[in-house]
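*Asks:* sequence below, structure please.
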Amino acid sequence: MEGTQRTPVVPLEAGAGPENPPCPACGEPLFGWIDERAGLAGPARRCESCGLGVVGTPGDAGEALRELDRAGTGQAVRIADRAGFAAWIGGAGWAGLERGSRYLFTVEAVRRLVAHRDQVVSSARWSPANGIATMWQTLINSATFGRNMVVGRSVEAEKRWQRRIDWLTVAVLAIPALAIALPLELLAAAFRRGSALALRLELL
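*Replies:* This is a model prediction of the structure:
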């Protein structure tokens, strides 16, 4: 067709700069995701290539690996998947965005990070109990002033009356939210977008 124009394709590298520092896992630019919220060390960025999320100033691959190691023992690692459905619908209320979080992992980000020490991700399995709990808490977070009142490291609301309302909200919505979270998480897991994963790492 005459006059048809193609949308120009801009490589990720074009976004590199001081405001978009490199991803510790793959080196691509990190882009803005969530502004600074209570309990976070700074604004959160995400990598459009491997999916890694970084809160505050990103460090190097070694620092990200050390945090990954704290998420498991030996070769078994458990992560709240930043590429999961709960993270997508939750945004700033995602239960995986805990107090003190620095790196928010995806399977692809873990693959690229552990390659630095000659490891591979040999398996990535959905963790049903953790996945349902993460989805449930994410849904609860959408109705509270604070975050993660029950699951994970909590970030309490600033004012006392807000904290009281939060606990009342948890009590009222606990069962209805679970009734929604269960089928949502099962559907997410069926499409490989479960909220929590158990990874197994092996040496090459």
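*Asks:* from now on I want contacts and neighbour counts done on CA atoms only, so please keep to that.
*Replies:* Will do.
*Asks:* any regions of the chain where pLDDT drops low?
*Replies:* 1-18, 37-39, 74 (pLDDT under 70).
*Asks:* strands of the chain, residue ranges please.
*Replies:* Counting by DSSP state E, the chain has strands at residues 30-34, 44-47, 53-55, 72-73, 76-80, 103-104, 119-126, 196-203.
*Asks:* want to try a markdown table for those strands, with mean neighbour count as columns?
*Replies:* As requested, those are exported to a markdown table (neighbours: other CA atoms under 10 Å):
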| stretch | mean neighbour count |
| --- | --- |
| strand 30-34 | 19 |
| strand 44-47 | 25 |
| strand 53-55 | 26 |
| strand 72-73 | 12 |
| strand 76-80 | 21 |
| strand 103-104 | 25 |
| strand 119-126 | 17 |
| strand 196-203 | 20 |
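*Asks:* relative to Ala174, which of those is closest?
*Replies:* Nearest to Ala174, of all the strands of the chain, is strand 196-203, at 19.7 Å by CA to CA.
*Asks:* select, out of the strands of the chain, the one closest to Ala189.
*Replies:* Across the strands of the chain, Ala189 has its closest neighbour in strand 119-126 (6.7 Å, CA to CA).
*Asks:* what does the closest one rub up against?
*Replies:* By CA atoms under 8 Å, 6 or more residues apart in numbering, the residues outside strand 119-126 that reach it are 107, 110-111, 114, 189, 192, 194-204.
*Asks:* sheet partners, orientation included, of it?
*Replies:* Under the criterion DSSP bridges, strand 119-126 sits next to strand 196-203 (antiparallel) in its sheet.
*Asks:* quick check: angle from the partner strand to strand 76-80?
*Replies:* With axes from the mean of the first three to the mean of the last three CA atoms, to 10 degrees defining the directions, strand 196-203 sits at 140 degrees from strand 76-80.
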